[in-house]
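fold the following for me, if possible:
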Amino acid sequence: MMKGMRILLALVAVLALAAGLVAVAASRNLGPFDRPALGGNVFAERALFTDPANRTLQAAGRMEAEGRPEDAAILREMAAVPSGIWLTPEEYPPGRVDQYVVSVVQKSEAADEIPVFVLYGIPDRDCSGGFSAGGLEADGYRPWVEEIAESVLDVRAGDNVAVVVEPDALASSLECGNRDERVRLVGQAVDVLASAGITTYVDAGHSDWVSVDEMASMLEEVGIDRVRGFSTNVSNYQTDEAELAYAERLDRALGGGTHWVVDRGRNGNGATEEWCNPPGRALGRLPGFVDDGTGLDAYLWVKPPAESDGTCNLGPQAGEVYLDQALAMARAAGW
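From the prediction side, this is the model:
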């Protein structure tokens, strides 16, 4: 009897040790416990949606009216390429953003396509550049994101929408001195969008900005494991090759198994030290889904490339179409 009891106790101890080892492996994403991808690659299932009322198309109409048909044709070609649909509280404030989101999602559902929304409403937005300053008050941020998520669910399209969360918010927080607040607020957006089951990518800056270790730490804190992954190069000019290397290093730092999207709208000639309407740039290659064995889900035009970064280098206000630069980038790309 005593011998049987000793065997039983030894077996219990072995099982407890095994359970502990499994827990450690899972917590560190080791062996078979790699972080699971949340949902599939939505970009492989549907074409990208183009906003039929985008600013680039509107500018093409104005250019046609001014007697510049060749330039208008180039802008129309750019306008036909699917780009991110930016949601700011200045243009789509609380109480009104829901109507706009519903209208876009209804159109995308009718076309059987995927819209890419870009949330850009965090407090003290663009604190490092200043050209897109603004955003919500901290206590109004989560309700605004909730309104957006609920609008998507109202159309029952949670699986057919992608969202990029707050370009530059985490990357710029270090120089702006508001890391903790940014992590907390982006984490709120992650919580809302993950709960709604919406494909979400948290912005991770780009390859020539914040260190991989620092960015990985912030992404872990905001709950990157609850959503599809991260975005890189939004509104910037880094090459596809540089961003792939950065994203793969970031993925490894996160334990593997996450996914990402890259903005290539304006990276045809790569980057310079200047980030705000730099001259001599070119449009990047067209967007689309990727199936290359990495975590890359798609190349996108997250920022509509015809739109200005701000009132630098003779540009108009951020978000307005910078006609001369848009045409120059298109022609530099051989359009």
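
mind listing the helices for this protein?
2-27, 42-45, 55-65, 69-79, 97-111, 138-154, 169-176, 179-196, 212-222, 240-253, 323-332 (DSSP state H).

for the stretch 1-150 of the chain, which spans come out with low pLDDT?
1-38, 128-133 (pLDDT under 70).

80 instead, please
Within the stretch 1-150 of the chain, the segments meeting pLDDT under 80 span 1-39, 126-134.

who does residue 289 bridge with?
residue 298 (DSSP bridges).

show me the contacts for it.
Residue 289 makes contact with 41, 43-44, 297-298, according to CB atoms under 8 Å, 6 or more residues apart in numbering. Yep, even glycine has a C-beta here, placed from its N, CA and C like the rest.

now do residue 214
residue 174.

that one and residue 77: what is the separation?
39 Å (CB to CB, to the nearest Å).

ok, back up a step: please list only the buried members of the contacts of residue 289.
41, 43, 297-298 (16 or more other CB atoms under 10 Å).

from those residues, which is closest to residue 263?
The nearest member of those to residue 263, counting by CB to CB, is residue 298 at 10.2 Å.

does that closest one touch residue 286 like I think?
No. Taking contacts as CB atoms under 8 Å, residue 298 lies outside contact range of residue 286: 11.2 Å.

how about the nearest residue to residue 199, chain neighbours excluded?
Once flanking residues are discounted, residue 199 sits nearest to residue 162: 4.6 Å by CB to CB, 6 or more residues apart in numbering.

wait, isn't the one you found in contact with residue 115?
Yes. Residue 162 is in contact with residue 115 according to CB under 8 Å; the separation is 7.4 Å.

can you give the domain ranges for the chain?
Each domain of the chain is listed here as a residue range: 1-33, 37-332, per automatic domain parsing.

which of the ones you listed is buried the deepest?
domain 37-332 (a mean of 20; mean count of other CB atoms under 10 Å).

relative to the whole chain's centre, how far out is that one?
5 Å (CA atoms, centre = their mean, to the nearest Å).

please convert the contacts of residue 289 to a markdown table, extending it with distance to residue 192.
As requested, the contacts of residue 289 are arranged in a markdown table below (distance: CB to CB, whole Å):
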| residue | distance to residue 192 |
| --- | --- |
| 41 | 22 |
| 43 | 22 |
| 44 | 25 |
| 297 | 21 |
| 298 | 23 |
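
and of those residues, the nearest to residue 66?
residue 298 (35.4 Å).

which ones are touching the closest one?
Here residue 298 is in contact with 41, 43, 261-262, 287-290 (CB under 8 Å, 6+ apart).

and which of the residues you listed is nearest residue 61?
Nearest member of the contacts of residue 298 to residue 61, counting by CB to CB, is residue 287, at 23.4 Å.

quick check: the gap between that closest one and residue 198.
Taking CB to CB, one finds residue 287 at 19 Å from residue 198.

endpoints of stretch 89-102, how far apart?
16 Å (CA to CA, to the nearest Å).

same question for stretch 146-166.
First residue to last in stretch 146-166 (CA to CA) measures 15 Å.

return stretch 148-165 as PDB; C-alpha atoms alone will do.
Below are the C-alpha coordinates for stretch 148-165, written out as PDB (Å, rounded to 0.1, in the frame of the first residue of the first chain):
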ATOM      1  CA  ILE A 148     -16.700  53.100 -34.900                       C
ATOM      2  CA  ALA A 149     -16.600  49.400 -33.900                       C
ATOM      3  CA  GLU A 150     -20.300  49.300 -33.200                       C
ATOM      4  CA  SER A 151     -21.000  50.900 -36.600                       C
ATOM      5  CA  VAL A 152     -19.100  48.100 -38.300                       C
ATOM      6  CA  LEU A 153     -21.000  45.500 -36.300                       C
ATOM      7  CA  ASP A 154     -24.300  47.200 -37.200                       C
ATOM      8  CA  VAL A 155     -23.700  46.200 -40.800                       C
ATOM      9  CA  ARG A 156     -22.600  42.800 -39.600                       C
ATOM     10  CA  ALA A 157     -19.300  43.200 -41.400                       C
ATOM     11  CA  GLY A 158     -16.700  42.600 -38.600                       C
ATOM     12  CA  ASP A 159     -14.900  40.000 -40.600                       C
ATOM     13  CA  ASN A 160     -14.800  42.200 -43.700                       C
ATOM     14  CA  VAL A 161     -13.100  45.300 -42.400                       C
ATOM     15  CA  ALA A 162      -9.500  46.100 -41.500                       C
ATOM     16  CA  VAL A 163      -8.300  48.900 -39.200                       C
ATOM     17  CA  VAL A 164      -4.900  50.500 -38.700                       C
ATOM     18  CA  VAL A 165      -4.700  52.000 -35.200                       C
END
